[in-house]
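>>> okay, predicted coordinates and the sequence, questions at the end:
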Amino acid sequence: MLFAFSVAPTSTADASASMSRAVAEAVRVVRESGLPHETTSMFTTIEGEWDEVMPVIRAATDAVLAVSPRVSLVLKADLRPGRSGELRGKVDRVERHLAGGDGAAGGGDGAAGGGAVTGGGAVSRRGAASGGGVSDDDGEFRS
């Protein structure tokens with residue numbers, strides 16, 4: 001299962017309104033979890049079973065709550081129990097279609113069938129598709 005989330009404080013004491021320090025703490029929690037993950041400019045995607053991932057998202061949110069009285073959390077999930085390797089697998093299948101492959105290998109799981117690309121997002125060659133989120137005004141990533 002894949003869980004993409006974006007968590008950010010709604011206010012910051014930083015005069016520049018940069019939220020990257022708070023977001024970095026959330027990303028640190030994800031990295032320390034040991035679960036497969038990818039952080040892009042707009043989302044952090046974690047792969048694992050429901051009971052593994054939800055406590056990590058909660059802890060990442062709590063890390064941001066520690067520096068802000070109010071936090072915004074956006075969560076999107078692709079729930080396919082028993083599947084693994086989808087953080088990379090979904091993107092690989094789309095890349096095969098783009099390269100002119102027949103796409104039959106891997107279940108033909110393209111954008112219409114479960115969504116490597118949704119919400120106007122873009123597929124990264126490094127990992128999962130991103131479908132939205134929030135970008136920091138100073139150009140730094142926010143998960």
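Received, thanks.

>>> could you point out which element follows the helix or strand where D62 lies?
Assignment of secondary structure by DSSP states H and E places D62 within helix 50-65. Tracing the chain past helix 50-65, the next element assigned as helix or strand by DSSP H and E is strand 71-78.

>>> tell me what that next one is packed against?
Contacting strand 71-78 under the criterion 3 or more CB pairs under 8 Å, 6 or more residues apart in numbering; DSSP states H and E are the following elements: strand 2-9, helix 50-65. The C-beta positions use only the backbone N, C-alpha and C, and glycine is treated the same way.

>>> each with direction, which strands does the shortest one pair with?
What that stands for is strand 2-9. strand 44-47 (antiparallel), strand 71-78 (antiparallel) (DSSP bridges).

>>> mind listing what's buried in the longest one?
Right, the one you point to is strand 71-78. Across strand 71-78, burial judged by 16 or more other CB atoms under 10 Å covers V71, K76, A77, D78.

>>> closest to V29 among those residues?
Set against V29, the nearest of the buried residues of strand 71-78 by CB to CB is V71 (13.4 Å).

>>> show me what contacts that closest one?
V7, A8, P9, T10, T61, V64, L65 (CB atoms under 8 Å, 6 or more residues apart in numbering).

>>> highest neighbour count among those?
Highest neighbour count within those, by other CB atoms under 10 Å: V7, with 29 neighbours.

>>> look at that one and report its pLDDT.
pLDDT, V7: 96.

>>> got it, and P69?
88.

>>> my guess is it meets S11, correct?
Yes. At 7.3 Å, P69 and S11 qualify as touching, with contact defined as CB atoms under 8 Å.

>>> okay, the two: which has more neighbours?
Remark: of P69 and S11, S11 carries more neighbours, 12 against 8, as counted by other CB under 10 Å.

>>> which residues are in contact with the closest residue to the more buried one other than its chain neighbours?
The spatial neighbour of S11 that comes closest, neighbours along the chain excluded (CB to CB, 6 or more residues apart in numbering), is S68 at 5.9 Å. When the contact criterion is CB under 8 Å, 6+ apart, the partners of S68 are P9, T10, S11, T12, A22.
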